[in-house]
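>>> Structure for this input, please:
(one chain, ligands or ions: 2)
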Amino acid sequence: MMIEGQAPLLDEGKLHAAETRLGKHEIDAIALTYVDNAGIVRVKAIPVERLDSALRNGVGMSPVFDAFIFNDAITQSRYSGGPMGDLRLFLDLDSLAPIPAMPGWAFGAVDRFEQSLTPHPNCSRGFLRRQLARLAEREIIPKMGFEIEWVISKGSDQHFVPATDGSAYGLGRIVDVADYSRALLLNLRNADLLVEQFHPEYAPGQFEVSLPATAPLAAVDRLILAKTIIRATGRTFGLTTSFAPVVEVNGVGNGGHVHLSATKANLPIFGGGAGPGKLTPAGAAAVATLLDWLPGLLAIGAPSPASYLRLVPSHWAGAFQCWGIENREAALRLVAESKLVNANNANLEVKCFDQSANPYLVAGALLAGLATSLDGGPPLPDPVGSDPVGLPNVIRLPQSLDESLAKLWTLKPLLDAMGPELTEAFTAVRKAELAHFESATPEQIVAQTRWVY
Ligand code: GLU
Ligand code: MG
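Ligands and ions are numbered 1, 2, ... in the order given. Have a look, this model is predicted:
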């Protein structure tokens, strides 16, 4: 529980549950993590004996990371940057879990507070919490599930050398890295991360796991834990992992697809209705609002200049501003209610996002769209029933960060939900990344971002 101006109260029940979860793992150190405006997971680690003190008093960390860009250069906004100030990081015990690929280590997500113990306005987890509270007031309970795509490289230098030459979706690829694949599934299971499926993806050396839908805060925390385990498992096999939007110019990239579902007064909104794709009126308003917002949302969900090298037609990345039922080229794909998908599991997949994004901001922004749609959305266009490439009425999404950033400024309800501090710090980071790559070639962008994410 959080009371404004007070440190989160230490919940003995949650502490006990977390200790039970960690029980069989011998934990020596805890990585306290959050994601910054550049999409980088930042950390303060504590030896396990400091847990009690960390829970009571928090752990200090500079707010300057709000102004960090992808390469650790520092920019500035009215509200961020510079050497002044300090924050307190408070571990959310619900997120505490072992990192099995890093024996002795546990993972925890933190909420960031000012020293006055009011929530830090730039805390992206806080932004997500606020959107959840807004929705709860209207009896909307959302869930999210994330798909994680990555490549593994056996190169020892900066180049990408796929760790397997096996075919896309080919068993040969798993045969090549069978021990790695098994260890990965085992490590994820040992962190209590349920994996819906694991498969070799399209691009060379590319794999994917899908995590099941759950409450958004936990879904994002688990996403970060899962990616940590994927990276660390690679390390133990001498492999380098990249979740970057693109690892090879013109190649198919790594997406960061998000599945969103929700109930309203306990009834699903994306299934069980009489609209197209069995959408309810609330579901149709949500799809229409998110579709309308997508060009601006891209600045949050596809926030790197590299993102736009991925977001191209015919790569299943969702480069068009349209929705479709089971259409993998549409930016919004409705996984509609059917004989095999019950109304509760019907969901909207946002395909155009990637993993250079801060997933707390992504989740918060999607939920801000959902909250806005409760007061009515624009009319829902017809679903697109084929590959949108070349269709006369289908618009391409922004093809540069410059363009999506300009659209973000038009989304007043989203900017209001983010608040001025977060908006300005976030957009300052985006602008600094744009300036950094102003005259860069695609090759240079890829080379500089490939191993960052
Ligand atoms: N790798 C594709 C992307 O960049 C997605 C492929 C798929 O549909 O899973 O989003
Ligand atoms: Mg995929």
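>>> Return the backbone torsion pair for Leu348.
In terms of degrees, to the nearest 10, the main-chain angles of Leu348 are phi -110, psi 120.
>>> What sits closest to it if chain neighbours are left out?
Closest residue to Leu348 apart from its sequence neighbours, by CB to CB, 6 or more residues apart in numbering: Leu260 at 4.9 Å. Quick note: C-beta positions are derived from backbone N, CA and C, even for glycine.
>>> For ligand 1, what is the nearest residue in this protein?
Relative to ligand 1, the nearest point of the chain is Gly255 (2.3 Å; CB to the nearest ligand atom).
>>> Am I right that that residue is in contact with Ala319?
No: using CB atoms under 8 Å, Gly255 makes no contact with Ala319, being 11.3 Å away.
>>> so the residue in the chain sticking out farthest from the centre, which of the three states?
In the chain, the residue that sits farthest from the middle, by CA atoms, centre = their mean, is Pro392; the gap is 32.0 Å. Under DSSP: H, G, I helix; E, B strand; the rest coil, the three-state class of Pro392 is coil.
>>> which residues of the protein score low on pLDDT?
1-7 (pLDDT under 70).
>>> Could you give the number of residues near the residue nearest to Leu348?
Per other CB atoms under 10 Å, the neighbour tally for Leu260 reads 25.
>>> Could you do Asn122 as well?
Around Asn122 there are 27 residues (other CB under 10 Å).
>>> ok, now Asp94?
Asp94 has 17 neighbours, counted by other CB under 10 Å.
>>> That one should be in a helix, yeah?
Yes: if the criterion is three-state DSSP, then Asp94 is within a helix.
>>> Residue numbering should commence at 147 henceforth.
Got it, the first residue is 147 from now on, which makes the last one we talked about Asp240.
>>> Does it touch Val366 like I think?
No: if you go by CB under 8 Å, Asp240 and Val366 don't touch, sitting 11.9 Å apart.
>>> circling back: residues touching the residue of the chain closest to ligand 1, list them.
293, 295, 456, 462-464, 497, 499-501 (CB atoms under 8 Å, 6 or more residues apart in numbering).
>>> Angles on the backbone of it, please.
With angles defined as degrees, to the nearest 10, Gly401 sits at phi -90, psi 170.
>>> Tell me how far it lies from Leu457.
Distance of Gly401 to Leu457, given as CB to CB, to the nearest Å: 9 Å.
>>> Now the common contact residues for the two.
Taking CB under 8 Å, 6+ apart as the contact rule, Gly401 and Leu457 both touch 463-464, 500.
>>> How is Ala164 assigned, secondary-structure-wise?
Secondary structure state of Ala164, per three-state DSSP, is helix.
>>> Can you name the residues of this structure sitting close to ligand 1?
Within the chain, the residues that sit near ligand 1 (CB under 6 Å from any ligand atom) are 295, 347-348, 398-399, 401, 456, 461-463, 474, 497.
>>> which of the residues you listed has the most neighbours?
Busiest of the residues of the chain next to ligand 1 [other CB under 10 Å] is Gly399, holding 29 neighbours.
>>> Grab the nearest non-local neighbour of it.
Sequence neighbours aside, Arg456 is the residue nearest to Gly399 in space, at 3.3 Å (criterion: CB to CB, 6+ apart).
>>> my read: that neighbour touches Asn400, true?
Yes: taking CB under 8 Å as the definition, Arg456 is a contact partner of Asn400 at 7.5 Å.
>>> joint contacts of these two?
Joint contacts of Arg456 and Asn400 (CB under 8 Å, 6+ apart) are 391-392, 500.
>>> which one among these gets closest to Leu274?
Each of the shared contacts of Arg456 and Asn400 was checked against Leu274 using CB to CB; the closest is Asp500, at 18.5 Å.
>>> Now for the closest residue to the closest one other than its chain neighbours, how many residues are close by?
Leaving out its chain neighbours, the residue that sits closest to Asp500 by CB to CB, 6+ apart is Pro391, at 4.2 Å. By other CB under 10 Å, 31 other residues sit near Pro391.
>>> got the shared contacts of Gly401 and Leu457 as TSV, with secondary structure columns?
Output for the shared contacts of Gly401 and Leu457, formatted as TSV (three-state DSSP):
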residue	secondary structure
Ala463	coil
Gly464	coil
Asp500	strand
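>>> how about those residues in CSV, adding distance to Gly447?
As requested, the shared contacts of Gly401 and Leu457 are exported to CSV (distance: CB to CB, whole Å):
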residue, distance to Gly447
Ala463, 12
Gly464, 10
Asp500, 7
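>>> Next secondary structure after the lengthiest strand in the chain?
Longest strand in the chain by number of residues, with DSSP state E as the criterion: strand 286-299. Following strand 286-299 in sequence order, the next helix or strand is helix 317-322 (DSSP states H and E).
>>> thinking in terms of the whole chain, how far from its middle is that following helix?
Helix 317-322 has its C-alpha centroid displaced from the chain centroid by 28 Å (CA atoms, centre = their mean, to the nearest Å).
>>> Report the buried residues of that helix.
Neighbour counts over helix 317-322 (16 or more other CB atoms under 10 Å) mark 319-320, 322 as buried.
>>> and the residue nearest to Val398 when sequence neighbours are not counted, how many neighbours?
Distances taken as CB to CB, 6+ apart put Ala349 closest to Val398, at 4.3 Å, once the chain neighbours are dropped. Residues within reach of Ala349, counting by other CB under 10 Å, total 20.
>>> Name the nearest residue to the residue nearest in space to the middle of the chain, sequence neighbours excluded.
Centroid-nearest residue in the chain: Pro505, 2.6 Å away (criterion: CA atoms, centre = their mean). Excluding its sequence neighbours, the residue lying closest to Pro505 (CB to CB, 6+ apart) is Val366, at 4.6 Å.
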